[in-house]
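Chemist: kindly return the folded structure for what I paste below:
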Amino acid sequence: MGRLDGKVTLVVGGGTGIGKAIAVGYAKEGAVGRAAGRSTAKLAQTLREIGRLGGDGTALQANVAILPDIDRLVGSVVDSHGRLDVLVNSVGVFLNPTIANTSDEDWDYVMNVQLKGVFFTIQRAAREMMRQQEGSITDLARVLGVRGKAGSCVYCAAKGGIINMTRALQ
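Modeler: Numbers count the residues shown, from 1 in each chain. Have a look, this model is predicted:
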């Protein structure tokens, strides 16, 4: 019996890195896990690891920079399980052009995934959690969102935005 038995979890960014580790860890603890991301190949690797542990997992391909993808993502979890107990936002895209070489396309790409995507995924999940009168949301960011790093202006701005957005959630 795991600490998350029966909990329905959604890890956005669950195909790689920390998000993958969280999705696998949640499954190990008995969660009904959903790993979401842009790459079906990477999500398939996450599911293989969950399966090796005997866990219950499903991959959901989505790009959180696109609002209909967020609606489909959260909606499919709720439609399948009647609830969403845990959301983890572990998304990140990294571009490091200098400020002089950053295009508006670079800016939009990073901000749409990291800030817009995280904000509206939280919003959609929070609506469900408020209806349920319970739930947990975790947003991941790096120390670069507080401290900054030369050559990573856009990324740092997005991560700083996630940190402060999370602090301001009500």
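
Chemist: switch to C-alpha atoms for all contacts and neighbour counts from now on
Modeler: Fine.

Chemist: just say helix, strand or coil for the residue of the chain positioned farthest from its centre.
Modeler: In the chain, the residue that sits farthest from the middle, by Cα atoms, centre = their mean, is Ala100; the gap is 30.0 Å. Put simply, Ala100 is helix when judged by DSSP: H, G, I helix; E, B strand; the rest coil.

Chemist: distance of it from Tyr155?
Modeler: From Ala100 across to Tyr155, the span is 15 Å (Cα to Cα, to the nearest Å).

Chemist: check Leu144 too.
Modeler: 8 Å.

Chemist: quick one: which of these two has more around it?
Modeler: With neighbours defined as other Cα atoms under 10 Å, Leu144 and Tyr155 compare such that Tyr155 has more, 26 against 17.

Chemist: the more buried one reaches Leu95, doesn't it?
Modeler: Yes. At 6.7 Å, Tyr155 and Leu95 qualify as touching, with contact defined as Cα atoms under 8 Å.

Chemist: identify the contacts common to those two.
Modeler: In terms of Cα atoms under 8 Å, 6 or more residues apart in numbering, Tyr155 and Leu95 are both contacted by the residues Val110.

Chemist: CA atoms of the helix or strand of the chain with the lowest mean pLDDT as CSV?
Modeler: Between all helices and strands in the chain, the lowest mean by mean pLDDT, DSSP states H and E belongs to helix 144-147, at a mean of 76. Only the C-alpha atoms of helix 144-147 are listed here, as CSV (Å, rounded to 0.1, in the frame of the first residue of the first chain):
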residue,chain,number,x,y,z
LEU,A,144,17.7,30.9,-11.8
GLY,A,145,14.2,32.3,-11.4
VAL,A,146,15.5,34.1,-8.2
ARG,A,147,19.1,34.6,-8.9
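
Chemist: elements contacting that helix?
Modeler: helix 153-168 (3 or more Cα pairs under 8 Å, 6 or more residues apart in numbering; DSSP states H and E).

Chemist: run through who's touching the helix it packs on.
Modeler: 93-96, 98-99, 107, 110-111, 114-115, 118-119, 139, 141-142, 144-146, 148-149.

Chemist: what about Ala35, which SS state?
Modeler: Three-state assignment for Ala35 (three-state DSSP): strand.
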